[in-house]
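Chemist: model the following, please.
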Amino acid sequence: MKPRFLIIAYLCIVLLPLVASWSLGSPPRPFLQELASGLGILAFSIILVEFLLSGRFKSISNSIGMDRTMRFHQIIARSALLFALVHPFLYGGTPTGGQRPWDPTRQLSLTTDLSYLSSGMAAYVLLPSLVLFAVYRTQLDYKYETWRLMHGLGAALIAMLLLHHTVYAGRYGSQTLMTWLWLALTVVSVGSLFYVYLLVPLLEKRRSWRVTTVTQLTPKQWELTVAANGHEGLDYKAGQFAWLNVGHGPFSLHENPFSISSAPASGSAVSFMIKELGDFTGTIGQIETGTVAYLDAAYGTLVVDDRKEPGIALVAGGIGIAPLMSILRQLRLTGDARSVKVIYGNRSINQIAYRDELDNEDVTFVLSEPPKTWQGKTGLIDPELLDSVFTSEEFTEWVFVVCGPNKMMDVVEDHLLSRGAPSNHILAERFDYD
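Modeler: Prediction:
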């Protein structure tokens with residue numbers, strides 16, 4: 001019910017400016033002129049709501065999934081970009097400062113003066129740049145913190161430029177009702193940045209953490225554990241993740257999302273499994289005990305606490321084992337009687353983490369580059385392997401929690417559906433986007 005409510009709420013907010021503009025009852029214009037205004041209005045309202053789809057609002061991302069929230073954020077941003085790019089070409093090429101085709105006496109328009117159109121022109125250039133930088137951020141090799149700062153400031157600047165353009169150069173935006181509506185929507189949207197970057201860190205400052213251990217699990221994977229510093233700890237569920245900031249102030253942009261590998265029932269300390277990939281993660285082994293840390297948590301929907309299925313299947317590839325270890329540990333600590341099977345894939349044997357712990361479970365290890373002495377499964381996590389591990393009844397009755405590389409997750413999800421697994425029995429979150 002909540003996801004359905006969020007969809008309805010999203011449509012209502014995005015369409016509100018369009019409906020309000022139409023209700024003003026202005027004299028009609030040619031169809032293309034009205035279409036141009038409509039596309040411009042839609043583009044602006046979509047851009048404003050994008051601020052709330054950043055993934056940092058738990059009421060949204062924890063209801064429909066972080067990966068779905070971010071994927072929708074990406075797709076709808078590209079839709080807004082298309083609307084914005086088409087919008088000015090439908091007006092008929094009226095010369096700047098001259099008469100508009102639909103208003104030869106200029107009684108129905110506010111202005112076409114360059115001073116008021118310039119803000120729209122600036123946004124017209126900045127918006128594609130913002131989207132392209134987001135799409136190709138990994139290829140451009142920007143540090144995550146740098147890109148995040150540029151993305152937030154760029155989005156705020158575009159919103160302010162579009163507010164000016166809409167109010168001073170638009171036919172409908174100059175109406176008192178619409179001016180106040182656009183102003184209110186812009187304040188709420190841009191204000192969400194202050195919530196994420198100022199208010200939340202301010203609250204986190206009162207709930208600091210201290211690094212207690214940094215343990216090397218494999219040549220490139222570590223487990224970092226933090227303990228609450230004078231507070232009760234973190235309220236989270238097994239399978240969720242947190243934004244972790246280690247060694248920086250609460251207002252720093254040096255924070256990254258990591259899956260929690262510990263179980264809520266294990267105590268107030270929180271552990272994260274982290275793989276060396278660069279920037280912060282490349283120096284994880286150098287972090288000293290006692291280093292201050294801050295958490296923004298908890299996020300994620302890989303949660304089986306309230307599920308009623310008779311069994312739980314945990315399918316992980318590489319670092320994707322982290323949230324599944326949290327789930328597995330919680331099941332064992334709480335004495336959960338449900339059946340559990342684990343599939344854990346890696347490239348080489350020295351990448352297998354938590355081997356001693358997992359050996360006590362019904363686990364299937366899979367290696368794509370096994371040593372000659374390897375006696376387990378080889379290759380990839382594919383349909384043939386899944387069929388060898390799970391029965392027909394388990395495919396249709398169990399809940400499957402899947403985490404790992406996107407390609408692996410696609411293969412697993414497609415096969416589960418083909419074997420009759422209900423879509424609501426498949427829990428998966430992706431953290432890599434284009």
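
Chemist: burial measure for Gly267, as a count.
Modeler: A count of nearby residues for Gly267, using other C-beta atoms under 10 Å, gives 12. Where C-beta positions appear, they are placed from N, C-alpha and C, glycine not excepted.

Chemist: ok, now Glu429?
Modeler: Applying other C-beta under 10 Å, we find 24 other residues in the vicinity of Glu429.

Chemist: what comes up buried for stretch 254-273?
Modeler: Neighbour-count burial for stretch 254-273, counted by 16 or more other C-beta atoms under 10 Å, picks out 254-264, 270-273.

Chemist: and the end-to-end length of that stretch?
Modeler: The stretch stretch 254-273 measures 18 Å between its terminal residues, going by C-alpha to C-alpha, to the nearest Å.

Chemist: how far out from the middle of the chain is that stretch?
Modeler: Using C-alpha atoms, centre = their mean, to the nearest Å, we find the averaged C-alpha position of stretch 254-273 to lie 19 Å away from the chain's own average C-alpha position.

Chemist: show me where the protein has helices.
Modeler: Counting by DSSP state H, the segments of the chain that form helices are 2-23, 31-50, 58-64, 66-86, 114-135, 144-169, 176-194, 200-205, 321-333, 355-358, 383-389, 392-397, 406-418.

Chemist: most tightly surrounded among those helices?
Modeler: For those, the stretch with the most neighbours on average is helix 321-333, a mean of 24; neighbours defined as mean count of other C-beta atoms under 10 Å.

Chemist: low-confidence stretches in this protein?
Modeler: Applying pLDDT under 70 to the chain flags the ranges 1, 92-113, 431-434.

Chemist: contact partners of stretch 349-368?
Modeler: 217-221, 273, 318, 321, 325, 328, 339-348, 370-371, 374, 376-381, 385, 389 (C-beta atoms under 8 Å, 6 or more residues apart in numbering).

Chemist: write the ChimeraX selection for whichever of those are buried.
Modeler: With 16+ other C-beta under 10 Å as the criterion, this ChimeraX line picks the buried residues out of the contacts of stretch 349-368:
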select :217,218,220,221,273,318,321,325,328,340,341,342,343,344,345,346,370,377,380,381,385,389
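
Chemist: closest to Glu204 among the buried residues of stretch 254-273?
Modeler: The nearest member of the buried residues of stretch 254-273 to Glu204, counting by C-beta to C-beta, is Glu255 at 9.7 Å.

Chemist: who's in contact with that closest one?
Modeler: Counting by C-beta under 8 Å, 6+ apart, Glu255 has contacts Trp243, Leu244, Asn245, His248, Tyr294, Asp296.

Chemist: so how far is Leu358 from the closest residue in space to Gly376 that isn't next to it in sequence?
Modeler: Leaving aside its sequence neighbours, Gly376 sits nearest to Phe365 (C-beta to C-beta, 6 or more residues apart in numbering; 4.7 Å). Per C-beta to C-beta, to the nearest Å, Phe365 is found 8 Å from Leu358.

Chemist: quick check: the farthest pair among the contacts of Glu255?
Modeler: Spatially, the most separated pair among the contacts of Glu255 is His248 and Asp296, at 12.8 Å (C-beta to C-beta).

Chemist: between these two, who's got more neighbours?
Modeler: Relative neighbour count places Asp296 above the other of His248 and Asp296, with 19 against 16, counting by other C-beta under 10 Å.

Chemist: kindly state the beta-bridge partners for the more buried one.
Modeler: With DSSP bridges as the criterion, Asp296 is bridged to Trp243.

Chemist: wait, it touches Tyr197, no?
Modeler: No. Look at Asp296 against Tyr197 with C-beta atoms under 8 Å: they stay out of range, at 10.9 Å.

Chemist: which residues are in contact with Ile287?
Modeler: Ile287 makes contacts with Val211, Val214, Leu224, Val246, Gly247, as judged by C-beta under 8 Å, 6+ apart.
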